[in-house]
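Asks: Pasted the sequence and its predicted model underneath.
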Amino acid sequence: MTAITIGQTASLSKTITDADVRTFAAISGDHNPVHLDDSYAANTQFGRRIAHGSPTSALISAVLGQQLPGYGTIYLSQSCQFKRPVYIGDTITASVEVIAYRADKRITTLKTEVHNQDGKVVITGEAVVIAPADSD
C-alpha cells in the first residue's frame, strides 16, 4: 500500500437485495415490518420497504477494510447521519476521503458518505481508524 495522504479517496458499490434485508433481519433479530412486510411498509412515510440502516452503513467498513486504508485497518469510531432511506433494489456507493492523518500512531480520520444511484446522500459521517502498519 502507498502512504496515506490527505485527500485520498476510495469507494465501493452494492445493490441492496431482498435477500440482504432478510439475512440481516435473521442475524440481528430486527424484524421491524418496515423492512420485511410489503403491506405494512406501503402504509408508512416511505411507501415501500426500506433496508436496515446498519448494513447500509457497513458498506463504509468494507471500503475502509479492503481499500483505504486497507487490510488490517482497525475501527476506533464511526458517526453516521441517516439522511434518506435506502430501498430494496437501490445501488448504493460508499465513499471515504482522508481528511486527517497522524503518522506516528497511524490514526486516520475519513469523511464518509453513502450515495444512492441518483447521487443523493443517504448517509454522511466520519470514521476514525488505525491504519495498517504498511501504510506509512
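Replies: Looks like it came in fine. Numbering: from 1, shown residues only.
Asks: Identify all contacting residues around the lengthiest helix in the chain.
Replies: For the chain, the longest helix by residue count, based on DSSP state H, is helix 53-66. For helix 53-66, contacts defined as C-beta atoms under 8 Å, 6 or more residues apart in numbering pick out 10-12, 14, 16, 20, 24, 28, 71, 73, 75, 78, 80, 82, 86, 92, 94-96, 110, 112, 114, 122-123, 125, 127, 129. Every C-beta, even on glycine, is put in place using the N, C-alpha and C of the backbone.
Asks: Now do the buried residues in the helix or strand containing residue 39.
Replies: Using DSSP states H and E, residue 39 sits in helix 38-42. Across helix 38-42, burial judged by 16 or more other C-beta atoms under 10 Å covers residue 41.
Asks: cool, and stretch 104-111?
Replies: 106, 108, 109, 110.
Asks: cool, stretch 111-122 as well?
Replies: Neighbour-count burial for stretch 111-122 [16+ other C-beta under 10 Å]: 112, 113, 114, 115, 116, 122.
Asks: Span of stretch 27-34 from start to end?
Replies: End-to-end distance of stretch 27-34 (C-alpha to C-alpha, to the nearest Å): 17 Å.
Asks: I'd like the average pLDDT over that stretch.
Replies: Average pLDDT, stretch 27-34: 97.
Asks: got it, and stretch 126-134?
Replies: 95.
Asks: Output the biggest strand by length in the chain as CSV - backbone C-alpha positions only.
Replies: Secondary structure of the chain read by DSSP state E shows that its longest strand is strand 91-102. In CSV, the C-alpha atoms belonging to strand 91-102 read as follows (Å, rounded to 0.1, in the frame of the first residue of the first chain):
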residue,chain,number,x,y,z
THR,A,91,-27.5,0.7,-5.7
ILE,A,92,-25.5,2.4,-3.1
THR,A,93,-21.9,3.7,-3.2
ALA,A,94,-19.9,4.2,0.0
SER,A,95,-17.1,6.7,-0.4
VAL,A,96,-14.3,7.7,2.0
GLU,A,97,-11.9,10.6,1.9
VAL,A,98,-8.8,11.0,4.2
ILE,A,99,-9.2,14.3,6.0
ALA,A,100,-6.5,13.9,8.7
TYR,A,101,-3.6,11.6,9.4
ARG,A,102,-1.4,11.2,12.4
